[in-house]
Structure formats: structure tokens, C-alpha cells
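**Q** requesting a structural model of the entry that follows:
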Amino acid sequence: MNPVEHGTLLADGFESALIGTAQQYNRTFAVYDYTKCVDILMNRDGFTHDEALEHMEVNVLGAWVGESTPAFIIPFKGVH
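**A** You can find the predicted model right below:
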């Protein structure tokens, strides 16, 4: 499924961290890899790790733009 074709809101600047879309009841929203977003902020914008985490918490996760607000997944490591 192409998220753009379905009117899904995307997080600007995090295209390479987009991992897909999720369905919940009657809505579709974009899903991003949180860790990759932090890496993008560090590499693209020169943030330290702590600055990137703060930016994600305040400016990305803290932004509600309606029911199509993207979700950010923190992958488990070492869990099978």
C-alpha cells in the first residue's frame, strides 16, 4: 500500500525511516522506526544523541495532527 495514495500523513524528512502503514479500525497511519529517526537527526542535522532524543520527544512525538498522526516504533532487541 502506498501511504500517499491513501492520504496518510507522513513525517517530513524521515522518509528513509518509514517502515509501512498500520490499520486500526477505520484509519490508516504511517509507521516509522524511532531509532532510525534519531539517527537521521544526528546525521542530517548534526544533533547529539541526547538532542535528537529531546527533539523526537518534544517536536515529533508531541505533535498531534489528528487521527492520521504517524506512529513511531521502538524495536525490541534480542527478543524472539
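
**Q** where does this protein dip in pLDDT?
**A** 1-6, 79-80 (pLDDT under 70).

**Q** now do the strands in the protein.
**A** For the chain, strands defined by DSSP state E occupy the ranges 18-24, 27-33, 71-73.

**Q** now the ones you listed in JSON lines, with distance to residue 62 and mean neighbour count?
**A** Bear in mind the C-beta positions are built from the backbone N, C-alpha and C, glycine included. Listed next are the strands of the chain as JSON lines, based on distance: least, CB to CB, whole Å; neighbours: other CB atoms under 10 Å:
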{"stretch": "strand 18-24", "distance to residue 62": "20", "mean neighbour count": "13"}
{"stretch": "strand 27-33", "distance to residue 62": "15", "mean neighbour count": "18"}
{"stretch": "strand 71-73", "distance to residue 62": "11", "mean neighbour count": "17"}
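
**Q** turn these into JSON lines, columns for distance to residue 64.
**A** Formatted as JSON lines, those follow (distance: least, CB to CB, whole Å):
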{"stretch": "strand 18-24", "distance to residue 64": "15"}
{"stretch": "strand 27-33", "distance to residue 64": "12"}
{"stretch": "strand 71-73", "distance to residue 64": "12"}
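
**Q** for residue 43, find the nearest of those.
**A** strand 27-33 (14.2 Å; CB to CB).

**Q** and that closest one, how far from the chain's centre?
**A** 8 Å (CA atoms, centre = their mean, to the nearest Å).

**Q** figure out how far stretch 64-80 is from the centre of its chain.
**A** 7 Å.
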